[in-house]
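Visitor: this is the structure alone, sequence omitted:
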């Protein structure tokens, strides 16, 4: 257990410079983005002096390194700044994120559940029936599902289940728990295709190992060999990409929430970009970047826990 603790501490220390670099990239990208947020929030007939006063008030007149230094200092104290958008002017960015974050987490959690509950069984099924019609059908599904852009899949599902069949609401949270079905399916199907292909490849590799042949020679039931021994080892590569999957869901959430008007961080980012509300965009992207870093960290820790060779290597 001591080696696992040392491994976790090492990984956490390595994550700190990554987080700092993420803050710099996020701030630089928005700093270089065309558009002046001061013009967006200024009154329609504001004078040059009034615009300059607003620019000084919000610190947009200062050099890049000074603005970034203040942003980093506030961030170290848990302050993400204040909004400069018309609708949310002077509201705390952290409060806006706290209001929207649960919706995004709910969407990502259900999307992940759909992805793995669909992808892992399909991968096992496909590997056990290699080159059969069932295997080929699953591979066609994964190819189509992975190739479809999430916004296009979302529109198709919306047309089918909301417009033509009328089974589910098309947007927002107007239909209670049913409102999250279409966004979550849209978010989870693409990653389910990737999980299926990875699980299938891993299962095929594991079932060709010598220890599986030895278990079969002992007369153990095939079902026990597959589900008790093979799956446990085949699922390890799937665990390693959990962090990458979180990155997939973070990026997909922005698109899916916009398509379905789901009131999460993705929708907040889209609205804030339209309003040139840079502090809110910075805060939201930074939170999502932290999710990616945290996801990769958790994947490394989980993999080291399952396979001691990783932490001892």
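Guide: Structure received. Keep in mind that what you see is a predicted model, and the values were worked out from it rather than measured. Numbering: from 1, shown residues only.
Visitor: quick check: longest helix of the chain.
Guide: helix 93-128 (DSSP state H).
Visitor: buried ones in it?
Guide: In terms of neighbour count (16 or more other CB atoms under 10 Å), helix 93-128 has its buried residues at 93, 96-97, 100-101, 103-104, 106-108, 110-112, 114-116, 118-120, 122-128. (Glycine included, C-beta is placed from N, CA and C.)
Visitor: do you know how far residue 13 is from residue 141?
Guide: Taking CB to CB, to the nearest Å as the measure, residue 13 falls 42 Å from residue 141.
Visitor: equivalent analysis for residue 217, please.
Guide: Residue 217 is 35 Å from residue 141, by CB to CB.
Visitor: between the two, which has more neighbouring residues?
Guide: Neighbour tally, residue 217 and residue 141, criterion other CB atoms under 10 Å: the higher count belongs to residue 141, 17 against 8.
Visitor: now do the contacts for the more buried one.
Guide: Counting by CB atoms under 8 Å, 6 or more residues apart in numbering, residue 141 touches 122, 193, 196.
Visitor: go on, residue 284?
Guide: Here residue 284 is in contact with 97, 265, 268-269, 272 (CB under 8 Å, 6+ apart).
Visitor: could you redo the last one with a cut-off of 10 Å?
Guide: By CB atoms under 10 Å, 6 or more residues apart in numbering, the contact list for residue 284 reads 26, 80, 93, 96-97, 100-101, 104, 254, 264-270, 272-273, 277.
Visitor: three-state assignment of it?
Guide: With DSSP: H, G, I helix; E, B strand; the rest coil as the basis, residue 284 sits in helix.
Visitor: local confidence estimate at it?
Guide: pLDDT for residue 284: 86.
Visitor: can you give me the helices in the stretch 51-200 of the chain?
Guide: 64-76, 93-128, 133-147, 150-157, 181-207 (DSSP state H, counting those that start in this stretch).
Visitor: what is the nearest of the contacts of residue 141 to residue 186?
Guide: Sorting those by distance to residue 186 puts residue 193 at the head of the list, at 12.7 Å, by CB to CB.
Visitor: the closest one: how many residues sit nearby?
Guide: 24.
Visitor: swap in residue 90?
Guide: Neighbours around residue 90, by other CB under 10 Å: 10.
Visitor: go on, residue 150?
Guide: Residue 150 has 21 nearby residues by other CB under 10 Å.
Visitor: ok, now residue 153?
Guide: 20.
Visitor: so which strand or helix has the residue nearest to the spatial centre of the chain?
Guide: For the chain, the residue nearest the mean C-alpha position is residue 250 (2.3 Å; CA atoms, centre = their mean). According to DSSP states H and E, residue 250 maps onto helix 242-260.
Visitor: what is that helix packed up against?
Guide: With contacts taken as 3 or more CB pairs under 10 Å, 6 or more residues apart in numbering; DSSP states H and E, helix 242-260 sits against helix 93-128, helix 150-157, helix 181-207, helix 265-274, helix 278-306.
Visitor: want to try CSV for these, with distance to residue 4 as columns?
Guide: Shown next, in CSV, are those (distance: least, CB to CB, whole Å):
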stretch, distance to residue 4
helix 93-128, 24
helix 150-157, 37
helix 181-207, 24
helix 265-274, 33
helix 278-306, 6
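Visitor: least confident of the ones you listed, on average?
Guide: Across the helices and strands packed on helix 242-260, helix 278-306 gives the lowest mean pLDDT, at a mean of 80.
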